[in-house]
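A.B. asks: predicted structure and sequence below. I'll ask about it afterward.
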Amino acid sequence: MNAIDAALRRFAYWLAATGLCLLFLNAIATVLDVLGRTLFATPIDRLSDVSGLIYILAAACCVPAATAQLRHITIKPFEERLAPRPYAALEGLAALLKLAVWCVLAWQLWAHAAEMDATHQTLSQLRGVRVAPFWTFVALAMSFNALLEALNLLRFARVALGALPPDKAAPAESAEPANML
């Protein structure tokens, strides 16, 4: 289980790196667009249409890494006041609530992607580029995020029930970003 957990978390970090690369490329394109408009009166055609999708894709790529690092919701005021097992139960409850949110979000994104596919939606300025594959990727990323949250929930539940020592409640060390290469 630890090997699978570590591999999924490493994949989340690579996915986030991909999202950051998308943002970087979009930033370069935006600077070139502004320079083109200012210096040559020739903007990059249809950049605004593509930029919106890039922002959505980049955000979807980065969310699983935050889940893998347990960065979304923390309950630090109780950490020192509760014993490790009750604290793990409290963290498990938070993980359950987050899992519910991620599942609803993934479900809605899958419905949106299906609607975009059924209606053959395209970018407003690029008529030949359909948006359904982009939304399908976002739905996949949020489904992957829900899987990571389910693993977090499982880990906290095992600690709360005494099946796992409290020091094992954190994600596998081999999945830390510094060790992912």
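C.D. replies: Good, I have the coordinates. Nothing here was measured: the structure is a model prediction, and the numbers come from that model. Numbering: from 1, shown residues only.
A.B. asks: can you pull out the helices in this structure?
C.D. replies: 2-35, 47-68, 84-118, 132-160 (DSSP state H).
A.B. asks: could you dump those into CSV with mean pLDDT and distance to residue 166 added?
C.D. replies: All C-beta spots, glycine's among them, are computed from the backbone N, C-alpha and C. CSV is the format used below for the helices of the chain (pLDDT from 0 to 100; distance: least, C-beta to C-beta, whole Å):
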stretch, mean pLDDT, distance to residue 166
helix 2-35, 93, 16
helix 47-68, 91, 20
helix 84-118, 93, 3
helix 132-160, 94, 6
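A.B. asks: and these: which comes nearest residue 76?
C.D. replies: Residue 76 sits nearest to helix 84-118 of all the helices of the chain, at 10.2 Å, using C-beta to C-beta.
A.B. asks: from the contact counts, what lies against that closest one?
C.D. replies: Counting contacts by 3 or more C-beta pairs under 8 Å, 6 or more residues apart in numbering; DSSP states H and E, helix 84-118 is packed against helix 132-160.
A.B. asks: and the helix it packs on, which residues are buried?
C.D. replies: Neighbour-count burial for helix 132-160, with 16 or more other C-beta atoms under 10 Å as criterion, is recorded at 132, 134-139, 141-153, 155-160.
A.B. asks: on contacts alone, who are the packing partners of it?
C.D. replies: With contacts defined as 3+ C-beta pairs under 8 Å, 6+ apart, the packing partners of helix 132-160 are helix 2-35, helix 47-68, helix 84-118.
A.B. asks: single out the most deeply packed of these.
C.D. replies: Among those, ranked by average contacts under mean count of other C-beta atoms under 10 Å, first place goes to helix 47-68 (a mean of 19).
A.B. asks: dump it to CSV, restricted to CA.
C.D. replies: Provided in CSV are the C-alpha atoms of helix 47-68 (Å, rounded to 0.1, in the frame of the first residue of the first chain):
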residue,chain,number,x,y,z
LEU,A,47,-4.8,34.2,-27.0
SER,A,48,-7.6,35.2,-24.6
ASP,A,49,-9.6,32.2,-25.5
VAL,A,50,-6.8,29.8,-25.0
SER,A,51,-5.6,31.5,-21.8
GLY,A,52,-8.8,30.8,-20.0
LEU,A,53,-8.5,27.1,-20.7
ILE,A,54,-4.8,27.1,-19.6
TYR,A,55,-5.7,28.7,-16.3
ILE,A,56,-8.3,26.0,-15.6
LEU,A,57,-6.0,23.2,-16.6
ALA,A,58,-3.1,24.5,-14.5
ALA,A,59,-5.3,24.9,-11.5
ALA,A,60,-6.7,21.3,-11.9
CYS,A,61,-3.1,20.1,-12.2
CYS,A,62,-2.0,21.7,-9.0
VAL,A,63,-4.9,20.7,-6.7
PRO,A,64,-3.9,17.0,-6.3
ALA,A,65,-0.4,18.0,-5.1
ALA,A,66,-1.9,20.1,-2.4
THR,A,67,-4.0,17.1,-1.4
ALA,A,68,-1.0,14.8,-1.4
